[in-house]
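**Student:** Fold the following for me, if possible:
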Amino acid sequence: MRADAARNVDTILQTGARLLAQDPSTSIATIAAEAGISRRVVHRRFTGREALLDAVIHTKLDAIDAVLSDARLDSAPVAVALHRFIEGIITVVCRYPIDQDQMCRDDAASYARMLDHRKRIAAFLQRAMDQGLIRSDLPGGMAEALLKQIVGLLARQFSDHDPARAADIAVDTILKGIGDN
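**Tutor:** Residues are numbered from 1 along each chain as shown. Take a look at the predicted model:
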């Protein structure tokens, strides 16, 4: 794919993710106009809104796969892996803000990938608990839920401008809490 075609596809995917997250019935014409690309160019690549939505979901899942691999959740020191993960995942969430939890349910393969992501993150958080960096007496699923909420909040506040700073805040909050100690 030529560089300009790749940029167009990336722009379509990011714009589509943002607009479809706001309104799942957003038209291809609206997405094309917002992306600054002709509707014909969008239709050349995607047969319709459902095809675009599928591409957004698969692109987001691929990006999460890359973040999980790059973070080395199973081998890097916990604080380092946590920072890498949060910095990467905030970038992904800002780029593709569509809620994959709801979207993946209709596609068994995508849903299985999403569940695998969650399993890998849960295993990482368990490793952090085993090392005493995160409390081990939390109710089941609480660490995962808090991580998701913190990432979501910081992604909205920092957008795509400074994911490293957002990750600094998130890691500090997760490992030390919100107290002033």
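**Student:** Could you pull out the helices in this structure for me?
**Tutor:** Ranges of helices within the chain are 3-22, 28-35, 39-45, 49-71, 78-95, 100-103, 108-130, 142-158, 163-176, based on DSSP state H.
**Student:** which helices and strands does the fifth one pack with?
**Tutor:** Under the contact criterion of 3 or more Cβ pairs under 8 Å, 6 or more residues apart in numbering; DSSP states H and E, the helices and strands touching helix 78-95 comprise helix 49-71, helix 108-130, helix 142-158, helix 163-176. In this view, the C-beta of every residue, glycine as well, is placed from N, C-alpha and C.
**Student:** got the buried residues for the third one?
**Tutor:** Neighbour-count burial for helix 142-158, with 16 or more other Cβ atoms under 10 Å as criterion, is recorded at 143, 144, 147, 150, 151, 154, 155, 158.
**Student:** on that earlier part again, export the helices of the chain to TSV and tack on mean pLDDT?
**Tutor:** Formatted as TSV, the helices of the chain follow (pLDDT from 0 to 100):
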stretch	mean pLDDT
helix 3-22	90
helix 28-35	95
helix 39-45	91
helix 49-71	94
helix 78-95	95
helix 100-103	69
helix 108-130	94
helix 142-158	90
helix 163-176	91
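**Student:** Give me the domain ranges for the protein.
**Tutor:** 1-46, 54-176 (automatic domain parsing).
**Student:** residues in contact with residue 41?
**Tutor:** Shown in contact with residue 41 (Cβ atoms under 8 Å, 6 or more residues apart in numbering): 8, 12, 32.
**Student:** repeat that with 10 Å
**Tutor:** The contact partners of residue 41, taken as Cβ atoms under 10 Å, 6 or more residues apart in numbering, are 5, 8, 9, 11, 12, 32, 35.
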